[in-house]
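Undergrad: My questions concern the predicted model and sequence given below.
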Amino acid sequence: MAGAFRIFGRKGYSEGSAGHISVRDPVEPNTFWINPLGIHFSMLTAADMIRVDEDGNILDGRKGVINAAGFAIHSAAHKMRPDINAACHTHSKYGKAYSCFGKPLEMLNQDACNFYNAHGVYDDFGGVAIEKEEGANVAKAIGNGHGAILKNHGLITVGYTIDEAAYLFTLMERTCECQLLADAAANQGKPKCVIGEEEAAYTYHMNADRETLYMELQPDLELEKRYDDSFMSFTNAKKAKAKAAAGTA
């Protein structure tokens, strides 16, 4: 979960205090972990996370507060979909831009086919989603799919694992970017070629299973680990140098 946040931070998905990831607790599955307010995605660690119950009561983890809209959305998703254990939502740039159309993604490339008949659109923006009803409506828009485009808001993805949900979010954000680029070109007279139904369904079948989607996040996670190792090596070297200098003095 912390690694997914670090990836999101590196990719520039943060927007003030907006955005949240939740993970169902494996011991008490009617509770889940979510990030606290006030910490940048790039700085979050496992120790920062907060566990809440289905009524929003804080049970464990870091002392702090959570995003009310985040709780409304994620609690509804976890209740409606017992098969999912993680959900990701941020106000990423291209997701926000494409969301203003209130339309599903077109199957314009192989990667987009991971969302073939597997994403919804919540087309009734009701303001900041702090109301229980708004959270439930978002969950309904996700349905049995991988996620949804929230009109005038952003993106949300879900998964059996945090790896799956986080990769799907990075993929949906990039797919929105590609859709916007393709639409811009089409407006200049270049016709789009949309993948056929049969081919899109086959591609989805081959690429959108749990195991494959889990694996797709691993390169980014390994990169984050390398960044962490490099940072710790640099920090320890600075401390050792400072200690040696102090001893010499």
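TA: Here it is on my side, so go on.
Undergrad: alpha carbons only for contacts and neighbour counts from here, please
TA: Noted.
Undergrad: quick one, strands of the chain?
TA: 20-24, 32-34, 50-52, 58-61, 86-90, 119-122, 147-150, 154-159 (DSSP state E).
Undergrad: Throw those strands into JSON lines and include mean neighbour count and distance to residue 174, thanks.
TA: What follows is the strands of the chain, written out as JSON lines (neighbours: other C-alpha atoms under 10 Å; distance: least, C-alpha to C-alpha, whole Å):
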{"stretch": "strand 20-24", "mean neighbour count": "26", "distance to residue 174": "18"}
{"stretch": "strand 32-34", "mean neighbour count": "25", "distance to residue 174": "24"}
{"stretch": "strand 50-52", "mean neighbour count": "22", "distance to residue 174": "29"}
{"stretch": "strand 58-61", "mean neighbour count": "16", "distance to residue 174": "33"}
{"stretch": "strand 86-90", "mean neighbour count": "27", "distance to residue 174": "13"}
{"stretch": "strand 119-122", "mean neighbour count": "22", "distance to residue 174": "15"}
{"stretch": "strand 147-150", "mean neighbour count": "28", "distance to residue 174": "13"}
{"stretch": "strand 154-159", "mean neighbour count": "28", "distance to residue 174": "11"}
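Undergrad: Identify whichever of those lies nearest to residue 228.
TA: strand 20-24 (20.5 Å; C-alpha to C-alpha).
Undergrad: Tell me which other helices or strands the closest one touches.
TA: Here strand 20-24 touches strand 32-34, helix 68-80, strand 86-90, going by 3 or more C-alpha pairs under 8 Å, 6 or more residues apart in numbering; DSSP states H and E.
Undergrad: now the angle from that strand to strand 86-90?
TA: Angle, strand 20-24 to strand 86-90, by axes from the mean of the first three to the mean of the last three C-alpha atoms, to 10 degrees: 170 degrees.
Undergrad: Since that was my last question, I'll sign off now.
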